[in-house]
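Trainee: Build me a model:
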Amino acid sequence: MLLDTAVLIFAVESPERLSRRAAAILKNPDNIRELSSVSLIEIAIKTNLGKLRFSAEMARQAIQDMDIRILSFTATHAFRLFELPVYHRDPFDRQIIAQAFSEDIPVVTSDEKFLAYREITTIW
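Mentor: Now for the predicted structure:
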């Protein structure tokens, strides 16, 4: 499962905002949980701009505690962006969507704009 950036943040800062299904996915040790390297970039940029209060240490700890693997953003993912319809304008989310397409993995997200991309499975 590829976790959207907000899912990681919710899990740390306000777990009550997670859907029951998302919380169960995070707790189930049988699930492979991945976070895009793009999400780490998004968190760093938004923290540096003062839009978010989520330190590098918080991110490291959450990744360790939830046994999350980091999915690197590759050229294959970037080339997928050329084919991606523009249903969603957020550049970070578009990169995560491109990864989900390329890797053929579901995305755990509360963002309803992901639903427009019918080729990927969204879970919430």
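Trainee: Tell me where this protein has helices.
Mentor: 5-13, 20-27, 37-48, 56-65, 75-81, 91-103 (DSSP state H).
Trainee: TSV for the ones you listed, including mean pLDDT?
Mentor: Below are the helices of the chain laid out as TSV (pLDDT from 0 to 100):
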stretch	mean pLDDT
helix 5-13	98
helix 20-27	96
helix 37-48	98
helix 56-65	97
helix 75-81	98
helix 91-103	98
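Trainee: Nearest to T122, out of those helices?
Mentor: With CB to CB, the closest approach to T122 among the helices of the chain belongs to helix 91-103: 8.6 Å. Backbone N, C-alpha and C define where each C-beta goes, glycine included.
Trainee: Next, the buried residues of that closest one.
Mentor: Across helix 91-103, burial judged by 16 or more other CB atoms under 10 Å covers F92, D93, R94, Q95, I96, I97, A98, Q99, A100, F101, S102, E103.
Trainee: pretty sure the last one is touching F73, no?
Mentor: The reference is to E103. No - using CB atoms under 8 Å, E103 makes no contact with F73, being 10.9 Å away.
Trainee: returning to what we had before: rebuild the buried residues of helix 91-103 as TSV, extending it with distance to A23.
Mentor: Output for these, formatted as TSV (distance: CB to CB, whole Å):
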residue	distance to A23
F92	23
D93	21
R94	26
Q95	25
I96	20
I97	23
A98	26
Q99	23
A100	20
F101	26
S102	27
E103	23
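Trainee: now, which of those residues sits nearest R80?
Mentor: Nearest to R80 among those is A98, at 4.1 Å by CB to CB.
Trainee: Name all residues that make contact with A23.
Mentor: By CB atoms under 8 Å, 6 or more residues apart in numbering, the contact set of A23 is P15.
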